[in-house]
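Give the three-dimensional model of this entry:
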Amino acid sequence: MKIRNIAVIVSGIDEEYPYRIILGINDFARSHDLNVSYFTAFGGVSDSKDFDIGEYSIYKLPDLSKFDGILLLANTFSDPDVREMIISRVKKSGAPTVIFERSSEETLHDISTNNYTAMKSLVEHLIKVHGAKVFNYVSGSPNNPEAMERYRAFRDALSENNIEFDEENRLFYGAFRSYDGIRAIEAFKASGMSLPDAFVCANDGMALTAMNKLQHMGYSIPEDVMITGFDCTFNSINSCPALTTINRPLYYSGTKACEILLGLMNKEEQPMRTELTAEPVFSESCGCTNEHSESLDDFKKNIYIRYEQIYTNIHMLNRLIAGLAGAQRIDDCIGVMEQVLRAIDCNDFNLCLVNNWEDAYNVTNLEDQDEYPPIMTAPFIWKDGERHSLKRFHSNRLRPEPLTTGGNISYYIPLHFNQRCLGYYIITNNDFPINSLLCHTMTLSLGNAIDNISKLNVLDPLCRIYNRNGFNQNAEYLLKQCVSESSPVTVCFVDMDKLKSINDNFGHQEGDIAIKNMADAISSACGTVNVCGRFGGDEFVVLGTGDDFAEKFKKRLMSRLENINKKADKPYKLSASLGFITTIPQNSDTLLDLIQQADEKMYEAKKEHRTHRI
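Numbers count the residues shown, from 1 in each chain. Predicted coordinates:
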């Protein structure tokens, strides 16, 4: 029997909207022996474009045409360019696809909820039952079609009841993230506007944090101001006061989408549009009675389970961050991750890195590329309590080792440092990525640790300037630039004086201090545009640009060494011997040749007693 594979494209799986849909998808997949691969990121959590570039690299990993079907949660992407890029890749794949909440896509089968009718009914309830006349609205992104449908319903309800809306001062655009609720209240407070009768929020996450912020400011809900959400999450039902919201069948939409997709994969005709019904849930935050909370016993049980998960995960995360912070080799990271996987009962994990991840200055940036780097390495494969590795595999395979059974659920999560793509990891048959808000924190810590290890490969651990490898990489780039522009380049070889005497008379620890001070002086004299590095014990090399770099560098270095000698008040004086070569480089000139020439200049000067002494 052929194993069928489904790709799910989604963002922000730590939010409750995709979480409940995912539960429906997973239950259907397991019962129908389907393999599901989630390609997910956490974009939009910061204002950094570089960070989002790194996050969104995961969507360029899969060749979607190799999947039997695709589920696309298009409305989880707040960035319209990213959303359209993904939709374009999905269409190009030709695979049967069901898209969520995107009825404007005529060529894709769509499953959506009637947001408009439910939101309009909720707002009319606030007007007609509770007498609300002044509103603030907390929206999702203006680039999100679902957010705009809810906002349109809000505006229509006000218009039909002859209520004006101050869009300039009482409308706040967020991105459906919980923290946007706090930002919305802070923006309202800064505006100096009077308190509205109601804050209408486009989802529960924003509504709950907004309500909490208002309560901390001393306002009572609903006595001073009403507040409403959308989605009917666990927290909204059990908050205090319980939130007036809108219940839509998210879990059912997940199973229904899978049912439609399975029919398409079986070449069965399916409706192009499937619309589900949402219903308002009137509760305490608008002044109604809460009739929808769980029984006290069920509530206590759920809270206990969540509390224990949070406590365990935070304890695990503290150990993870502490362990990764001290990692100097990839094996150190693997040792820490193994402890984490045991703690979360994960029996199937793959760490997949781009083949050149150790080269901190060979940056893999997927912003302008359509494909993922072809060659991957898997330094850590964890399967049923045993670990091994795979030196090379093609990224088109996705997994270092293919699955041989159906009914598996895999989460593909990007690893990066800002825009630099490091690879990804795969968690299979463990729902830690959707059950824990700490999954993203773990991912960031792992990405930072791997990036830091790659930097250690090019930095001198004592001096914190480039080692020989790091200097060669960066100086080669600058040299090629000078060749292309026919501009002068200077290579300076610096030999620290009397290091052996310092070690012999004052100890090697003092010798290390002297080396570090010399490196600091050279780095400072070099400037930010040029490149310097430590070549050996007491040898340094500098590459600079410009006609007069040699004289400027020598003068700055002399000044910095004089300052160090005065302030340090050591029983020895720091000094150095220098050799320079300045030339307009040609294609035939190599960096090694120029370094050797500068080295020879220094020793020639020493022999002729014309060495530059500083």
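
pLDDT of stretch 247-258, averaged?
Mean pLDDT, stretch 247-258: 95.

outside of stretch 315-326, which residues touch it?
For stretch 315-326, contacts defined as CB atoms under 8 Å, 6 or more residues apart in numbering pick out 332-333, 335-337, 339-340, 343-344, 438, 441-442, 445-446, 448-449. No exception for glycine: its C-beta is placed from N, CA and C like everyone else's.

Then stretch 541-555?
Residues outside stretch 541-555 that contact it (CB under 8 Å, 6+ apart): 471, 475, 478-479, 482, 487-494, 522, 525-527, 529-533, 535, 578, 580, 582, 591, 594-595, 598, 612, 614.

gap between it and the chain center?
40 Å (CA atoms, centre = their mean, to the nearest Å).

F580: how many residues sit nearby?
Using other CB atoms under 10 Å, the number of residues around F580 comes to 21.

Could you report the separation of it from Q328?
36 Å (CB to CB, to the nearest Å).

just so I have it, where are all the strands in the stretch 501-614 of the chain?
In the stretch 501-614 of the chain, the strands defined using DSSP state E, counting those that start in this stretch lie at 531-534, 539-545, 576-583, 612-613.

Can you say which of those is packed in most?
Stretch with highest mean neighbour count among the strands of the stretch 501-614 of the chain: strand 531-534 (a mean of 26; mean count of other CB atoms under 10 Å).

Could you list the low-confidence segments of the protein?
The model of the chain has pLDDT under 70 over residues 1, 44-47, 103, 291-297, 299-303, 305-307, 359-365, 367-368, 605-614.

before we move on, the earlier item: which of the contacts of stretch 541-555 are buried?
471, 475, 478-479, 482, 488-494, 522, 525-527, 530-533, 535, 578, 580, 582, 591, 594-595, 598, 612, 614 (16 or more other CB atoms under 10 Å).

which residue sits closest to H109 in space, ignoring its chain neighbours?
Nearest non-adjacent residue to H109, counting by CB to CB, 6 or more residues apart in numbering: V98, 4.8 Å away.

Quick check: phi and psi on the one you found?
V98 adopts backbone torsions of phi -120, psi 130, taken as degrees, to the nearest 10.

What of H394?
Per degrees, to the nearest 10, the backbone of H394 is at phi -90, psi 140.

Just list whatever residues bridge to it.
Taking DSSP bridges, one finds I375 as the beta-bridge partners of H394.

hang on, it packs against Y372?
No - contact criterion CB atoms under 8 Å: H394 and Y372 do not qualify, at 9.9 Å.

Comparing the two, which shows the higher neighbour count?
Y372 (23 against 11).

what sits against the more buried one?
Counting by CB under 8 Å, 6+ apart, Y372 touches S57, K60, L61, L366, S395, C421.

one more time with 6 Å, if that's ok
Counting by CB atoms under 6 Å, 6 or more residues apart in numbering, Y372 touches K60, L61, S395.

for the last one, what are its contacts?
Taking CB under 6 Å, 6+ apart as the definition of contact, the neighbours of S395 are Y372, P374, M376.

Identify the residue nearest M211 in space, chain neighbours excluded?
Counting by CB to CB, 6+ apart, the residue nearest M211 is I227, at 4.9 Å.

so the one you found sits in a helix?
No - under DSSP: H, G, I helix; E, B strand; the rest coil, I227 sits outside any helix and is assigned strand.

Number of residues surrounding it?
Counted with other CB under 10 Å, I227 comes out at 29.

Phi, psi for N35 please.
Dihedral angles (degrees, to the nearest 10) for N35: phi -90, psi 130.

same question but for Y173, I mixed them up
According to degrees, to the nearest 10, Y173 has phi -100, psi 120.

quick thing: my sequence starts at 879, can you match it?
Yep, numbering from 879; the last one is Y1051 now.
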